[in-house]
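**Student:** give the three-dimensional model of this entry:
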Amino acid sequence: MQLFFTPDIESGFYTLSEEESHHCVKVMRLAVGDQISATDGRGSLCRCSIVEAHPKRCLVQVDERIEDYGRHAFRLHVAVAPTKNTARMEWFVEKAVEMGIDEITPILCDHSERCVLRQDRLQKIAVSAMKQSLKTFMPHINPLTPLSELIDSFSTPKGDESSPIADTQPFIAYCDGDHRTPLHDIYRPGQNALILIGPEGDFSHQEIAHALNAGFLPVTLGQYRLRTETAALAATAYFNLVN
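**Tutor:** All right, here's what the predicted structure looks like:
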């Protein structure tokens, strides 16, 4: 199955973007009458027939539309400090999307070595990975966000079921400390999850205290010290495996 990204596709006829048209007609050499699959990135899978094989504005007809194609039963949000080497962050986004992730938030921490990030570049990589892995849900990639702001947005007064943390298990993974629990001993399969992964210098003591006071659970991903992007991907793989 060849999957094309069509963010505003509905029923009836649809014109692929210039980039997708070129890939369809020039790269894949598809012609009138050939079948393709398309997704809006919001869970819809459309089976389509090519009506006009134009390399800049390929016209297709939607023959079948399937909603919530491939939806999983939990929501995974990974908040990770961007690596100094941008290629490593891009690698994480690509592989995390292939494995299955719902939201990625780059976080700005006390020990961050990168304070500028091209969100549009990460978005493009995510689209490509979504298509390659035949997924129909496009992960939401947030702009670079101060860690304190993210933590505060998930803080909840006791008993407040309207808070986003109410149905989400929030975790913070860091390298040193006696009170951390192995992630596999504390996560409840099927539950939505948010996990914080720090920069190469790890979270500061103040950041860890802030997260713990807000209700985040301290966890370890194992006995070995991992690179930032490796830790983020290991967590992504774990949540998908147990679910």
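
**Student:** the strands in this structure, which residues?
**Tutor:** Along the chain, counting by DSSP state E, strands occupy 3-5, 13-15, 35-39, 45-52, 59-66, 76-80, 103-108, 140-141, 145-146, 168-173, 181-182, 192-197, 217-220.

**Student:** list of residues touching the first one?
**Tutor:** I take that to be strand 3-5. 16-17, 20, 23-24, 36-39, 41, 127, 130-131, 134, 138 (Cβ atoms under 8 Å, 6 or more residues apart in numbering). (Glycine included, C-beta is placed from N, CA and C.)

**Student:** surely residue 190 and residue 242 touch.
**Tutor:** No: judged on Cβ atoms under 8 Å, residue 190 makes no contact with residue 242 at a distance of 9.0 Å.

**Student:** which residue of these two possesses the greater neighbour count?
**Tutor:** Neighbours per residue, other Cβ atoms under 10 Å: of residue 190 and residue 242, the larger number sits with residue 242, 13 against 10.

**Student:** not counting its neighbours along the chain, what's nearest the more buried one?
**Tutor:** residue 189 (4.9 Å; Cβ to Cβ, 6 or more residues apart in numbering).

**Student:** which residues touch that neighbour?
**Tutor:** So residue 189 contacts 74, 242-243 (Cβ under 8 Å, 6+ apart).

**Student:** save these as CSV, and put in pLDDT too.
**Tutor:** Shown next, in CSV, are these (pLDDT from 0 to 100):
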residue, pLDDT
74, 94
242, 94
243, 92
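
**Student:** residue 138 against residue 6, yeah?
**Tutor:** No: using Cβ under 8 Å, residue 138 is not in contact with residue 6, being 11.3 Å away.

**Student:** got a pLDDT number for residue 158?
**Tutor:** Here, the pLDDT recorded for residue 158 equals 49.

**Student:** I misspoke; the intended subject was residue 196.
**Tutor:** Reported pLDDT for residue 196: 98.

**Student:** count the residues that sit near it.
**Tutor:** 29.

**Student:** nearest spatial neighbour of it, chain-adjacent residues omitted?
**Tutor:** Excluding its sequence neighbours, the residue lying closest to residue 196 (Cβ to Cβ, 6+ apart) is residue 172, at 4.4 Å.

**Student:** number of residues surrounding the one you found?
**Tutor:** Per other Cβ under 10 Å, the neighbour tally for residue 172 reads 24.

**Student:** from residue 224, how far off is it?
**Tutor:** Distance, residue 172 to residue 224, by Cβ to Cβ, to the nearest Å: 18 Å.

**Student:** and what of residue 63?
**Tutor:** Residue 63 is 50 Å from residue 224, by Cβ to Cβ.

**Student:** what about the protein, any weak spots by pLDDT?
**Tutor:** 156-166 (pLDDT under 70).
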